[in-house]
Structure formats: C-alpha cells, structure tokens
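Colleague: Quick one, what's the 3D model for this:
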Amino acid sequence: LGMSNSAPRWWRLIGTALSFMAFGLGALVLAVPITLNRLLPGAATARARRGQYLVHRAFRLHLWLMKTLGVMRCRVDGAGRLNGEGQLVIANHPSLIDVVCLIAQLRHANCIVKAQLWRNPFTRGPVSGAGYISNRDSARMVDEAVAWLRDGGTMVIFPEGTRTRPGEPLRFQRGTANIALRANCRLTPVAIRCTPTTLTKAEPWYRIPERRFTMDLQVQDDIALAPFKNDGASPLAVRRLTRFLEQYFNEEINADEQHPGTRTQGADYQHTGS
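Modeller: Prediction:
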C-alpha cells in the first residue's frame, strides 16, 4: 500500500490515528526484547547500546509505516555526518515526530528525556532499557551525558527542552553548551523543518495539515568548540556558546523559510540499511 501526495484528508486522518496506535502498541511490544536484552551478558553500557539499537530499528519501522500510509515523508541531507564516536547531535524541535526521524538515523544514540516517561507504561520499558538519561536532576543529567560522550557514545539533545512554538524564535537551555564544553566532544547541528507544520506544541494529533507533511533534516558541518574553550566550561563560556547556538539555528531556520529552493533537497528516507 503506497499513498500518493494527493491522499484525501479523511484517509490521512485515519492514517495518523493508526500511526499513534501503532506507536503505543509498538512501545509495549518493544518492551519484550528490551527486557530480554537486560538478561544478556555484558556491561551496562553494552546493554544500553543494544537497547538503543532496538529503538533505532523500531523508529525506522514506524517511519516506514507513516510513509506507506501517506501521512508524511522524511528527507535527510548529510546523513553521512552522523553516527560518529563521541558525537553530540543537537537539533531544533518543531514537531513531535522529529524525534522519531532523528533517532531513525542513529544506530546507537543516547537521549535526555523527560522524567515522566519513566512513569508512563508505554514508554517506561524502552527508555529504561536504552539507558536514556532523565532530566529529573540537572546536575546528574549533565554528569551522565558527559560521561557517555567521553566514553565514545553518541548523544542526541534538543536544546530547547520542549517543542518550538511556531513563529517564535528558538530559545536554548544552557545544559547543552555545558555538556558539549565539559565533554569536549564533536558537536553536530541538525536543522529540522516540518512542512506544513503539524504536531506542534499544544496542537492535538487530529488537527492534520491540508496535505501530507514533510520532515526535512539538514545535517550541518560540525561546530568548532575551540573559540569557546578559553574559559573551559565556565558560566561565561557556557553562556557564549548557548547564545551562538541560538543565533546559528535561528539563522538556519529563517534562511530555509525565506529561500526554500536554495538548499539541496536531500534523499527521501528509505527503510533500508542498518
């Protein structure tokens, strides 16, 4: 079953509902191999990486489902810059589904997630089994993220801490800059656009756009940390890097919106590979 861009609105509404149902049921099903993974031999880091790979595969399958139902498209430009050792991937957060799109590109990625996901029966198993880091305690959160990156792991962070409100400039929390400077890691920005907008903050799932939406992920060149490291990870250095990242992403997003035809379109996401 493959739906074209002209799929009627009623069908895309049904497809969106099916996608949400599949996500919830998929999370429960995923809890089974995640639990079995905990029983396998290996250090906690190895078990976490295996759990992260299971989530990665599940998200790729979910994107395939949404694409097949005609709900969305996902295009990625610069995917070869991802999946590096000790890499901190940061992105803006325009839609609920961009998390799925990004993790689907990363084979073993740790994330900082909301503490309430550990109390949700649908998400508790996957987030725990994948070794994701809770934002419950900010100091511990930073320490755990720095340790993961120093050990050569990949990390995904949305510096806004919540979804972007349409039409408002991006505002970043300082934790991301603090982690990057303390870990002295590879910092890779990903500019994400959702066209037309959907699943934004406080927007119900059933308010679907007029046409199938497209998630565009533009993986940019790494950001050099050297200009910000004169003061180590001091509060001044953290503030400077945070302001730079805010300006960087705001300029990238605005450039895309004002000149949408000037960028390479990137390849459509395919359900293949690792």
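Colleague: Show me where the stretch 1-150 of the chain has its helices.
Modeller: Taking DSSP state H, counting those that start in this stretch, the helices of the stretch 1-150 of the chain run over residues 9-39, 44-68, 98-103, 124-129, 138-150.
Colleague: Around Val239, count how many other residues there are.
Modeller: Wrong residue type there; residue 239 is Arg, not Val. Arg239 is flanked by 14 other residues according to other CB atoms under 10 Å. No exception for glycine: its C-beta is placed from N, CA and C like everyone else's.
Colleague: Give me the phi and psi angles of the closest residue to it other than its chain neighbours.
Modeller: What sits nearest to Arg239 in space, not counting adjacent residues and going by CB to CB, 6 or more residues apart in numbering, is Arg174, at 6.9 Å. Per-residue torsions, Arg174: phi -80, psi -10 (degrees, to the nearest 10).
Colleague: Please give me every residue in contact with Arg174.
Modeller: With contacts defined as CB atoms under 8 Å, 6 or more residues apart in numbering, Arg174 is in contact with Val238, Arg239, Thr242.
Colleague: Return the residues in contact with the last one.
Modeller: Contacts of Thr242 were listed using CB under 8 Å, 6+ apart, and they are Pro159, Phe172, Gln173, Arg174, Thr176, Ala177.
Colleague: so the last one sits right up against Leu241, yeah?
Modeller: Yes - the pair Ala177 and Leu241 passes the contact test of CB atoms under 8 Å, sitting 3.8 Å apart.
Colleague: list residues touching both of the two?
Modeller: Phe228.
Colleague: who touches stretch 33-45?
Modeller: Residues outside stretch 33-45 that contact it (CB under 8 Å, 6+ apart): Arg47, Arg50, Gly51, Leu54, Gly125, Pro126, Ser128, Gly129, Ala130, Gly131, Asp151, Gly153.
Colleague: same for the longest strand along the chain, what does it pack against?
Modeller: Secondary structure of the chain read by DSSP state E shows that its longest strand is strand 186-195. When contacts are defined as 3 or more CB pairs under 8 Å, 6 or more residues apart in numbering; DSSP states H and E, strand 186-195 packs onto strand 87-91, helix 98-103, strand 213-219, helix 235-258.
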